[in-house]
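>>> return atomic coordinates for the entry below.
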Amino acid sequence: MAGRMVLGTAALAGLVRPASAPDPADAQRVLPVLPELTGLLPNRGLRRGSTVSVATGQPRRSGGTSLMLALLAEASRAGSWCAVVGVPTFGAVAAAEAGIALDRLALVPHPGPEWATVVAALIDGVDVVVTAVPASVSASVAGRLAARARQRGSVLVPYGRWAGADVTLQVVRGVWEGIGPGRGRLRRREVTVSARGRGAAARPKEITVWLPGDGRTRIVPRPAASRPAAPATAPRRGPLTLVGSA
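As a prediction, this is how the structure comes out:
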């Protein structure tokens, strides 16, 4: 089965460690991310105990899903467990193409009214917990989940509007390429990702990357100031993988 499907809080028992169990976080305080994304994060990776939100933007399908998958990919390949809560449209095929290890991926597509309980249970024993943010979540509940992640050494990744995150990432611009006058196929997408936060992440940052349809990604080089910007050309193939869907 592509990822573990978790149907209720009782089913989480096999995935999490007891709260009294030793925290393995000390062995690796920062989980790796794709090299393209290291410049957006103050520790050049996902620091255990932190909250890194992925804003969905407007419209909702604005590249946030691809960015969320990119955040998980390197940590998953390095052996970390990941969980995705409340995203019923999450695609296992897209996750695999992004490099996420499906045998270390737990999916809870419909957490129901016990959303906060499910997320808290996963924080107790999963390295990276992604969760869609319900519209009704209160600031107090959000604060308790962030505090639990700090205590347990998990990385909480709210997917949606979330106040008080250590870092908030968002795709702020995107341009598709491949369509000619009346014909062609979408082949790649140039997106600009912004990062803002607090503490070490207080200074806003931006990077521009390609999300091509062939599954490769490269940082888009800025044109030299003394020369006019050259037309965009296909990036050289590299060893990194990033899903090209929105």
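
>>> the chain: strands as residue ranges?
4-5, 30-31, 46-47, 52-54, 82-85, 105-108, 128-132, 155-159, 167-180, 183-197, 205-210 (DSSP state E).

>>> which strands or helices does the fifth one pack on?
Based on contacts counted as 3 or more Cβ pairs under 8 Å, 6 or more residues apart in numbering; DSSP states H and E, the elements that strand 82-85 packs against are helix 64-77, strand 105-108, helix 115-123, strand 128-132. Backbone N, C-alpha and C define where each C-beta goes, glycine included.

>>> cutoff 10 Å now
helix 64-77, helix 92-97, strand 105-108, helix 115-123, strand 128-132, strand 155-159 (3 or more Cβ pairs under 10 Å, 6 or more residues apart in numbering; DSSP states H and E).

>>> can you check the fourth one too?
Of the remaining helices and strands, those touching strand 52-54 by 3+ Cβ pairs under 10 Å, 6+ apart are helix 64-77, strand 128-132, strand 155-159, strand 167-180, strand 183-197.

>>> who's in contact with that strand?
Strand 52-54 is contacted from outside by 33, 40-41, 46, 63-71, 128, 130, 133, 155-171, 193, 195, 197, 201, using Cβ atoms under 10 Å, 6 or more residues apart in numbering.

>>> change it to 7 Å
Strand 52-54 is contacted by residues 46, 64, 67-68, 155, 157-159, 162, 165-169 when judged by Cβ atoms under 7 Å, 6 or more residues apart in numbering.

>>> now the nearest residue to residue 47 once chain neighbours are set aside: how far from residue 128?
Nearest residue to residue 47, sequence neighbours excluded (Cβ to Cβ, 6 or more residues apart in numbering): residue 30, at 5.2 Å. Residue 30 sits 12 Å away from residue 128, taking Cβ to Cβ, to the nearest Å as the criterion.

>>> where does this protein have low pLDDT?
1-27, 57-62, 180-182, 184, 186-189, 211-246 (pLDDT under 70).

>>> now do 80
Along the chain, the model assigns pLDDT under 80 to residues 1-28, 57-63, 173-191, 199-202, 209-246.
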